[in-house]
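*Asks:* fold the stuff below for me.
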Amino acid sequence: MDTDRHFIERMHWDEVARRIGSGAVAILPIGAAAKQHGFHLPLNTDRIQAEWLAARMADKIDALIWPTLTYGHYPAFIEYAGSSSLSISTFEALVREIAGQILAGGIPKLLVLNTGISTLAPVDRALARLDSERIRHLWIHEGPRYPRVARQLAEQSHGSHADELETSLMLALAPHLVDMMRAEASPALNQEMPGALTPSDPHSPNYSRSGSYGDPTRATSAKGEALLAAMLGDLHEQAASFIAQRPGEERSAAAQTVLR
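*Replies:* Numbers count the residues shown, from 1 in each chain. Reported below is the predicted structural model:
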């Protein structure tokens, strides 16, 4: 796959201008590059996933991919070395300004591809101030296929970070970066408690020595292949539907919902 024709950071500005002029849509990936992912996955795990998925989406719809937003609001991981988190206000402003500039540059439609969880609400708020007919927030775990396949495959009792599912994804798309010899499950939960993970307080309900939340030792590349296929199916369907949407259709659909 020729990804150079999709990532604008590898292109010349006049080539980007020609593609915009021909009606290319844009993808803005959001994926942390400084966020712990246990002992067995690199800190840029989210960025790797975001750019891999963006490249395959772009190949399908011939889109332009803007540079990944690699810093975001990730407060659950700041006790782990190397992990960075922006304040909500800073992150929202960053997303709003960059997305706004992309739209102002003549892009007809923008897909914001989000790999995070704590970033979902801030991104929604940031994009709410922009033209909703030209921008769509896509979460990689959303859609009918991925949640169904995840439920069918998961063997762990709990998880959401550097766990069985995320490790399986990485085994499928970047196995050379996964050290399964160092994969370590987080402690069993008596009760799930919201809050930041901690590597330093064994008495905390959110204690995780490795930083994993779940059981990555149960991950396999076969599970990852199935999860990736489901995830891409959901993303392709949502992207195609949004791109095909004509001006005014979203408002009309919202009005019909209110009238029912």
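
*Asks:* make it CA atoms for all contacts and neighbour counts henceforth
*Replies:* Will do.

*Asks:* separation between residue 44 and residue 151?
*Replies:* According to Cα to Cα, to the nearest Å, residue 44 and residue 151 sit 26 Å apart.

*Asks:* between the two, which is the more surrounded one?
*Replies:* Ranked by neighbour count (other Cα atoms under 10 Å), residue 44 and residue 151 place residue 44 first, with 17 against 9.

*Asks:* for the more buried one, which non-adjacent residue is spatially closest?
*Replies:* Using Cα to Cα, 6 or more residues apart in numbering and skipping the chain neighbours, the partner closest in space to residue 44 is residue 33 (3.7 Å).

*Asks:* ok, now residue 136?
*Replies:* Excluding the flanking residues, the one nearest residue 136 by Cα to Cα, 6+ apart is residue 111, at 5.0 Å.

*Asks:* what about the one you found, neighbour count?
*Replies:* For residue 111, the neighbour count with other Cα under 10 Å is 23.

*Asks:* state the three-state secondary structure for it.
*Replies:* Here residue 111 takes the strand state, with states given by DSSP: H, G, I helix; E, B strand; the rest coil.

*Asks:* quick check: it touching residue 26?
*Replies:* Yes. In terms of Cα atoms under 8 Å, residue 111 counts as a neighbour of residue 26; the distance is 6.1 Å.

*Asks:* the residue nearest to residue 136 and residue 103, how far apart?
*Replies:* From residue 111 over to residue 103 the distance is 11 Å, taken as Cα to Cα.

*Asks:* and what of residue 82?
*Replies:* To residue 103, residue 82 is 33 Å away according to Cα to Cα.

*Asks:* neighbour count for the two, which is higher?
*Replies:* Neighbour comparison, residue 82 and residue 103: the larger count goes to residue 103, with 19 against 12 (by other Cα under 10 Å).
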